[in-house]
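[1] pasting the sequence and the predicted model now:
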Amino acid sequence: MHIMEGFLPVEHAVGWSLAALPFVAYGVHSVNQRIKQQPELRMLLGVAAAFSFVLSALKLPSVTGSSSHPTGTGLGAILFGPTAMAPIGLVVLLFQALLLAHGGLTTLGANLFSLAIVGPFVAAGVFRAARACSASLTISVFLAASLANLMTYLTTAGQLALAFPDPAGGFIAAFAKFAGIFAITQIPLAITEGLLTVLIFNALLRFNPQELKQLKLGAGPKVQT
């Protein structure tokens, strides 16, 4: 998921950075407004940020010779909305690039777009759709986190395919190649991330029920599993 330093052509690196910038700016505004209105939610926001940092910092070897990562953005997107994860993802990816050699500064925009923009919007959309269909919180959280993980990697595959199209098959063939490299490890990893997100969410339900009720999760007036 972390495209390494210097791997993308300059025009692609700049383009993805410009595409991510409005989401980061609006995300900073939305987070500030939420914290001003509900300062008691700072702890939950910190949990969401820490969860994303820890999970996305894990570097797991892939049988295809690549490596795979959890994303950890689904939890924050469910709790605070997808835009809140853009500035959080920027901080997470910046620290990882500087301290852990995951990703890089030139590819920060591309990694941010896949991890902290596409993934969270998918998570929030899937969660709301599942709750609108009367799915339980457990099922809704699992689907949101798992599919956000998969879509993050599909976005990365698309970014790489745009930058390096196949000489014969173009974008489609390149996308199939990159997506196939990730799929072998990413599908079970997405399922695992979904289950882990459910565990953390259930712990928050147990220890922070009032804060979760303030967030008005789900279709009904009560937070219930």
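    Perfect, thanks for sending it. Residues are numbered from 1 along each chain as shown.
[2] mind listing residues that contact the helix or strand where Ser56 lies?
    Per DSSP states H and E, Ser56 falls inside helix 42-57. With contact meaning CB atoms under 8 Å, 6 or more residues apart in numbering, helix 42-57 is reached by 1, 31, 35, 69-73, 75-76, 79-80, 84-85, 88-89, 91-93, 95-96, 100, 102, 115, 193, 196-197, 200, 204, 208, 211-212, 215. (Glycine included, C-beta is placed from N, CA and C.)
[3] the helices in this protein, which residues?
    With DSSP state H as the criterion, the chain has helices at 10-37, 42-57, 73-80, 85-95, 108-113, 119-132, 137-163, 170-207, 209-214.
[4] so which of those is the most surrounded?
    Ranked by mean neighbour count, the helices of the chain are led by helix 73-80 with a mean of 29 (mean count of other CB atoms under 10 Å).
[5] need phi/psi at the residue located most distally from the centre of the chain.
    Going by CA atoms, centre = their mean, the residue of the chain most distant from its centre is Ala168, 32.3 Å out. Backbone torsions of Ala168, given as degrees, to the nearest 10, read phi -100, psi -50.
[6] state the distance from it to Ala161.
    Per CB to CB, to the nearest Å, Ala168 is found 13 Å from Ala161.
[7] and if you look at Gly119?
    Taken as CB to CB, the span from Gly119 to Ala161 is 18 Å.
[8] now do Ile78
    For Ile78, the distance to Ala161 - CB to CB - is 29 Å.
[9] residues in contact with His69?
    Contacts were defined as CB under 8 Å, 6+ apart; by that measure His69 touches 1-2, 55-60, 102, 189.
[10] save those as a markdown table, and put in distance to Ile139 too.
    Below are the contacts of His69 laid out as a markdown table (distance: CB to CB, whole Å):
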| residue | distance to Ile139 |
| --- | --- |
| Met1 | 25 |
| His2 | 30 |
| Leu55 | 20 |
| Ser56 | 24 |
| Ala57 | 28 |
| Leu58 | 25 |
| Lys59 | 29 |
| Leu60 | 25 |
| His102 | 31 |
| Leu189 | 19 |
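[11] next, give me the two most distant ones among those residues.
    Greatest spacing in the contacts of His69, by CB to CB: His102 and Leu189 (15.7 Å).
[12] low-confidence ranges, this structure, go.
    1, 61-67, 218-225 (pLDDT under 70).
[13] how does it look with 80?
    For the chain, the stretches with pLDDT under 80 are 1-2, 59-68, 183-185, 216-225.
[14] and the spatially closest residue to Ile191 that is not a sequence neighbour, what does it touch?
    Spatial nearest neighbour of Ile191, chain neighbours left out: Ser146 (5.9 Å); criterion: CB to CB, 6 or more residues apart in numbering. Ser146 makes contact with 74, 190-191, 193-194 under the criterion CB under 8 Å, 6+ apart.
[15] how close does Ser146 sit to Pro87?
    Plainly put, Ser146 is 24 Å away from Pro87 if you go by CB to CB.
[16] before we move on, what about Thr155?
    When Thr155 is compared with Pro87 (using CB to CB), they lie 19 Å apart.
[17] now Gly180
    33 Å.
[18] kindly report the same for Ala116.
    In terms of CB to CB, Ala116 sits 8 Å off from Pro87.
[19] again with Thr192
    Distance from Thr192 to Pro87, by CB to CB: 27 Å.
[20] Val47 now?
    16 Å.
[21] please apply the same query to Phe51.
    Taking CB to CB, one finds Phe51 at 15 Å from Pro87.
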